[in-house]
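Asks: What shape does this take:
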Amino acid sequence: MATLKIPYAQGFVDLVVDDRNLVGVLESQTHHYTPAAGQTELVKQALENPIGSPRLRELAKGKERVVIITSDHTRPVPSRITLPLLLAEIREGNPHADITILIATGLHRLTTAEEMLSKFGETIVNNEKLVNHDCRDEASLVDVGILPSGGRLVLNRLLLETDLLVSEGFIEPHFFAGFSGGRKSVMPGVASATTVLANHCAKFIASEYARAGVLENNPIHIDMIYAAKTVNLAFILNVVIDANKSVIKAFAGHMEEAHLVGCTFVKEMASIRAVPADIVVTSNGGHPLDQNIYQAVKGMTAAEATAKPGAVIIIAAACNDGHGGKDFYETFLNNPSAQTIFDEIMQIPMEETIPDQWQSQILARVLKSYKVILVTDQCDPHMVKDMHMTHAYSLEEALRIAYEIKGQDASVTVVPDGVSVIVM
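Replies: Down below sits the predicted model:
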């Protein structure tokens, strides 16, 4: 018997699979990578040796107003480590800079005071200026032009009012933007709902290039790069983390160049050959990425990439914050089948994209081909069933259901952390 650790909530749960069933374990090498230094030292080294850019302290000289875009409560960016170092670097070049930390919520709900304390720590919360981006607050947004795709580019006005724009984030495979990090801090991070909806339209999501690990010809990425250039995102700090959410590598400097170097590293670490199976078990990488069903769709796409036709996908995700999107939930609640949902979404033009449509499109794509069992003991089972999935309280229960469907001799592939891999 094989016992595998599967990320779940703040820790891990055990998955026990008979050796005769287990045909593959697909893991990113980032989870076994030995970093060259401690977390703080890695970040310091990156800031001291920026890629394609002068040091941030040099860029900060003479800049009165500085905005740092940071990630919200749904992203495992280790801001307690990175933000103090970014702030110190800026103030080394300009001790009197007026710095605003802008929380990139995208289309998510606003980050609460409690979540800010948890993510940033008391020192930053009590002493720095933090602002929640609100994608629907017209007073805080400004129209800055047209995207290459034809959509309106509407962004948080702080980006246009600053003298120096900086961002922090982390790089991992992203299921339709290719990779997270870099330009993504600007769009969708601090863009208007209108802009995000256009960028996440059905046509783009369906593109063969809108896949994990792909940037070239990716229409979603092309719009994002354009947005970041338009507001002169001058400097980024992006990290790569392991299964314990610890920094193993850091990249700083030019918005495109530093990000591409980081993406190349992640692609080398994360790319792995598919091992098709009747049952695929995965996760959404644990907290904070498994807070809701909306986010859990990401992990499902990794399982989809290594599943045999008609396979059963099992995903462990706490989903303690529920469905993660009212429109997302109601799309499945009010429709009879995943095929119907998928077909209807594919008919929606860019300018009529509705909230959460892209996540519904991808979940429907998965559900119309595979049975999905969602493992959680922190979410209402009825909600899971409303969204056309089977609920299980444990991996043991889910595996038992899967064997009943596919047979006791069914092959099993395990992708312990579905958001960390690029399945080829």
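Asks: which SS class is the nearest residue in space to residue 33 that is not next to it in sequence?
Replies: What sits nearest to residue 33 in space, not counting adjacent residues and going by CB to CB, 6 or more residues apart in numbering, is residue 248, at 5.0 Å. Backbone N, C-alpha and C define where each C-beta goes, glycine included. Of the three states, residue 248 takes strand under DSSP: H, G, I helix; E, B strand; the rest coil.
Asks: what separates residue 248 from residue 78, distance-wise?
Replies: Per CB to CB, to the nearest Å, residue 248 is found 11 Å from residue 78.
Asks: and for those two, which residues touch both?
Replies: Residues touching both residue 248 and residue 78 (CB atoms under 8 Å, 6 or more residues apart in numbering) are residue 241.
Asks: residues in contact with the residue nearest to residue 33?
Replies: Counting by CB under 8 Å, 6+ apart, residue 248 has contacts 30, 33, 35, 42, 240, 241, 242.
Asks: ok, which pair from those residues is furthest apart?
Replies: Farthest-apart pair in the contacts of residue 248 is 30 and 42; separation 13.3 Å (CB to CB).
Asks: Residue 187: what secondary structure?
Replies: coil.
Asks: Please flag which of the contacts of residue 248 sit within helices.
Replies: Using DSSP state H, the subset of the contacts of residue 248 located in helices is residue 42.
Asks: Going by distance to residue 164, which of the contacts of residue 248 wins?
Replies: residue 42 (23.7 Å).
Asks: residues in contact with the closest residue to that closest one other than its chain neighbours?
Replies: Nearest residue to residue 42 in three dimensions, chain neighbours excluded: residue 250, at 4.7 Å (CB to CB, 6+ apart). Residue 250 makes contact with 42, 43, 45, 46, 237, 238, 239, 240, according to CB under 8 Å, 6+ apart.
Asks: do the same with residue 267
Replies: So residue 267 contacts 173, 179, 213, 422 (CB under 8 Å, 6+ apart).
Asks: Need the per-residue pLDDT for the last one.
Replies: pLDDT for residue 422: 97.
Asks: try the first one
Replies: Here the pLDDT value assigned to residue 173 is 94.
Asks: For residue 66, see how far away it is.
Replies: Distance from residue 173 to residue 66, counting by CB to CB: 30 Å.
Asks: Hmm, residue 280 and residue 415 touching each other?
Replies: Yes - between residue 415 and residue 280 there is a contact at 6.6 Å, judged by CB atoms under 8 Å.
Asks: overlap in contacts of those two?
Replies: What both residue 415 and residue 280 touch, as defined by CB under 8 Å, 6+ apart, is the set 303, 306.
Asks: And whichever helix or strand residue 400 is part of, what does it pack against?
Replies: Using DSSP states H and E, residue 400 maps to helix 395-406. The contact analysis (3 or more CB pairs under 8 Å, 6 or more residues apart in numbering; DSSP states H and E) places helix 395-406 against strand 11-17, strand 277-283, strand 307-316, strand 371-375, strand 390-392.
Asks: thinking again about what came up before, and the residue nearest to residue 33, how far from residue 371?
Replies: From residue 248 to residue 371 the distance is 35 Å (CB to CB).
Asks: can I see the domain layout of this protein?
Replies: 2-26+274-423, 39-269 (automatic domain parsing).
Asks: Residue 221 against residue 177, yeah?
Replies: Yes - assessed by CB under 8 Å, residue 221 is found in contact with residue 177 at 5.9 Å.
Asks: hang on, the earlier thing: most tightly surrounded among the helices and strands packed on helix 395-406?
Replies: Compared across those, strand 277-283 shows the largest average neighbour count, a mean of 29 (mean count of other CB atoms under 10 Å).
Asks: angle of the helix or strand that that one is followed by against strand 277-283?
Replies: Once strand 277-283 ends, the next helix or strand along the chain (criterion: DSSP H and E) is helix 293-304. In terms of direction (axes from the mean of the first three to the mean of the last three CA atoms, to 10 degrees), helix 293-304 departs from strand 277-283 by 140 degrees.
Asks: and helix 293-304, how far from the chain's centre?
Replies: Here helix 293-304 is found 11 Å from its chain centre; the criterion is CA atoms, centre = their mean, to the nearest Å.
Asks: ranges for the helices of the stretch 51-200 of the chain?
Replies: In the stretch 51-200 of the chain, the segments counted as helices under DSSP state H, counting those that start in this stretch are 56-60, 79-93, 113-120, 122-127, 158-161, 193-199.
Asks: Other residues contacting the longest one?
Replies: Outside helix 79-93, the residues that touch it by CB under 8 Å, 6+ apart are 39-40, 43-44, 47, 55-61, 66, 68, 70-71, 97, 99, 101, 119-121, 123-124, 128, 164, 166, 168, 237, 239, 247.
Asks: Same question for the shortest one.
Replies: Outside of helix 158-161, the residues that reach it under the criterion CB under 8 Å, 6+ apart are 65, 67, 100, 102, 131, 140, 142, 144, 165, 186, 190, 231.
Asks: and the gap between the closest residue to the last one other than its chain neighbours and residue 166?
Replies: Spelled out, that is residue 231. Excluding the flanking residues, the one nearest residue 231 by CB to CB, 6+ apart is residue 159, at 4.3 Å. Distance, residue 159 to residue 166, using CB to CB: 11 Å.
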